[in-house]
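J.: I would like the atomic coordinates for the input below:
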Amino acid sequence: MKNFFDMTMPSDGRNEAFARSAVAAFSVICSPDIEEINDLKTAVSEAVTNAIVHAYPNEVGLIKLHCEADSDTRTVDVIVEDYGKGIEDLDAALEPFFTTSPGDERSGMGFTIIQTFTDGMSVTSKVGEGTTVTMRKVFKSC
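T.: Next up, the predicted model:
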């Protein structure tokens, strides 16, 4: 059975923990184990943090979170969307260690972490319009 939720939140750092907790709680219908749920929480945390830090560097904007779970296939799809400045060079941004903020102690590993902890990730972005990160997690444990 499929179920979904949508929420929109300000790009405030305090909302990162809320977003990952909401996705984790919602995903329980797919019977994940602790490691799987922690993987998904980490991926969501990275996507939301990227939006907070990079999409709206000097302002507060909106982040939209869409989550869809299918308990029959034990699959959760998460979309994190912002309407911020967008990514100028998406190919470079997807490379490990790439950062636009080297002085801010950013590792440039956000997208790499999302790829590592999910079963699929895609990113679309348009300068001046925002970025959308789509993730899929398949829960395999029994």
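
J.: got the residue ranges for the helices in the chain?
T.: With DSSP state H applied, the chain shows helices at 14-27, 34-50, 90-93, 110-117, listed in chain order.

J.: comparing the ones you listed, which gets the lowest mean pLDDT score?
T.: The stretch with the lowest mean pLDDT among the helices of the chain is helix 90-93, which comes in at a mean of 82.

J.: how far away from the center of its chain is that one?
T.: Taking Cα atoms, centre = their mean, to the nearest Å, one finds helix 90-93 lying 16 Å from the centre of the chain it belongs to.

J.: can you check stretch 85-101 too?
T.: Counting by Cα atoms, centre = their mean, stretch 85-101 comes out at 15 Å from the chain centroid.

J.: numbering from 22 from now on, please.
T.: Taking 22 as the first residue, the last one we looked at is stretch 106-122.

J.: and it, which residues are buried?
T.: Within stretch 106-122, the residues that qualify as buried by neighbour count (16 or more other Cβ atoms under 10 Å) are K106, G107, I108, A114, L115, F119. For glycine as for every other residue, the C-beta is placed from the backbone atoms N, C-alpha and C.

J.: grab the two from those that are most spread out in space.
T.: For these, the farthest-apart pair by Cβ to Cβ is K106 and L115; their separation is 17.0 Å.

J.: minimum pLDDT in the buried residues of stretch 106-122, which residue is that?
T.: If you rank those by pLDDT, F119 sits at the bottom with 65.

J.: if anything else comes up later, I'll come back, but that's it for now.
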